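[1] I would like to see how this sequence folds:
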Amino acid sequence: MKKTGVSIAGFDPSGGAGILLDTAVFKREGIYPMGVITAVLPQNSIGVTNYFPMDIKQIMESLERIEKDFTIGGIKIGVIGKLNIAEAIYVFIKDKNYPVVLDPVFVSGTGFELYDDELLEFFREKLISEVSLITPNLKEMELLSGEKIKNEKDAVQVAVSFSSIYKVRLLLKGGHIKGNDFFIEGNTVKKIEGKLVDKDVHGTGCFLSSMILSKMIKEKDKPLFYIIVESKRILFDKIKQSIKLGNGKKYYMEV
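    Okay, here's the model as predicted:
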């Protein structure tokens, strides 16, 4: 039977991030792509200008219709933005036995905020308890933990503490400092060497989290750390090959 992946994420009309990119990654990896839109975010290569959340009934009915008819292989969660949407997703994924990867998108690359204090608290106290992996960047790690991060050492210490307290596996993305990532599970830290690329590439977090989920679905017997390393290698190749499409600074990846 064909393996399926579901993206629960925002809609980026430029196609460089969100549900369009997620489903493209699924398809690339041989995973049949399905998706439920949480919000529409008008944007282009210059930036995000607004956030329009979808009706909660639409989100829940869409998820329920998928679950009733198909065997879900795994779920990737992206932009949520509103507490009631997070609550609905939590109810849906609770106690499921398939992998769930959460990319906690709280701020767009151009600074548009997609969170409030209630949402952050719900992530900490409820949502992350039901996921297989979270993939925050440094800003998202600051928001989740409530701690300021000044350098790579700070980032790792904060992430280790967070992973230990909330019992969650965590991929800390370090692209805003040195390009190194860190896979953290409690007090165990594994460094993934990286390089900074002199390009502002759109959708890298979406690509990486979707690639990780795809490989978790396909390669269940492989260690998660191996899957993450391989997914980052593919992402790095795509970043190097990214192209300029619009009038802004953003580059776009061709999946």
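
[2] Backbone dihedrals for Pro136, please?
    phi -80, psi 150 (degrees, to the nearest 10).

[3] residues touching the closest residue to it other than its chain neighbours, list them.
    Using CB to CB, 6 or more residues apart in numbering and skipping residues adjacent in sequence, the residue nearest Pro136 is Pro104, 5.2 Å away. Every C-beta, even on glycine, is put in place using the N, C-alpha and C of the backbone. Applying CB atoms under 8 Å, 6 or more residues apart in numbering, we find Pro104 in contact with Phe123, Ile134, Thr135, Pro136, Glu140, Leu143, Leu144.

[4] Of all the residues in stretch 76-87, which ones are buried?
    Within stretch 76-87, the residues that count as buried by 16 or more other CB atoms under 10 Å are Lys76, Ile77, Gly78, Val79, Ile80, Gly81, Lys82, Leu83, Ile85, Ala86, Glu87.

[5] With stretch 129-148 instead?
    Buried positions in stretch 129-148, judged by neighbour count with 16+ other CB under 10 Å: 130-138, 140-145.

[6] of all these, which two lie farthest apart?
    Taking CB to CB as the measure, those span a maximum distance of 24.1 Å, between Glu130 and Leu138.

[7] what about the residue lying closest to Gly30 once chain neighbours are set aside, how many neighbours?
    Once flanking residues are discounted, Gly30 sits nearest to Lys218: 6.9 Å by CB to CB, 6+ apart. The tally of other residues near Lys218 (other CB atoms under 10 Å) stands at 16.

[8] Check Tyr51 too.
    Residues lying near Tyr51 (other CB under 10 Å) number 19.

[9] likewise Lys150?
    Counted with other CB under 10 Å, the neighbours of Lys150 add up to 9.

[10] now Ile227
    Ile227 has 22 neighbouring residues, counting by other CB under 10 Å.

[11] One more: Tyr251?
    Using other CB under 10 Å, Tyr251 has 21 other residues around it.

[12] So Leu208 sits against Lys232, correct?
    Yes. The criterion here is CB atoms under 8 Å, and Leu208 meets it with Lys232 at 6.6 Å.

[13] out of those two, which sits in the more crowded spot?
    In this comparison of Leu208 against Lys232, neighbours counted by other CB under 10 Å, the higher total goes to Leu208 at 25 against 20.

[14] who's in contact with Gly248?
    Asn44, Ser45, Ile46, Gly47.

[15] ditto for Glu142
    Shown here is Glu142, whose contacts under the criterion CB under 8 Å, 6+ apart are Lys148, Ile149, Val158.

[16] With distance to Val36, pLDDT and secondary structure added, can I get the residues you listed in a markdown table?
    A markdown table is the format used below for the contacts of Glu142 (distance: CB to CB, whole Å; pLDDT from 0 to 100; DSSP: H, G, I helix; E, B strand; the rest coil):
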| residue | distance to Val36 | pLDDT | secondary structure |
| --- | --- | --- | --- |
| Lys148 | 35 | 93 | coil |
| Ile149 | 32 | 91 | coil |
| Val158 | 31 | 96 | helix |
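
[17] Closest to Val40 out of those?
    Ile149 (30.9 Å).

[18] still on that earlier bit, are we agreed that the residue nearest to Pro136 is in a strand?
    No. Pro104 sits outside any strand when classified using DSSP: H, G, I helix; E, B strand; the rest coil, being coil.

[19] Would you check how far apart it and Gly186 are?
    According to CB to CB, to the nearest Å, Pro104 stands 19 Å off from Gly186.

[20] ok, back up a step: I'd guessed the residue nearest to Gly30 sits against Lys3; true?
    Yes. The pair Lys218 / Lys3 is scored as a contact, 6.5 Å apart, by CB under 8 Å.

[21] Alright, I will stop here.
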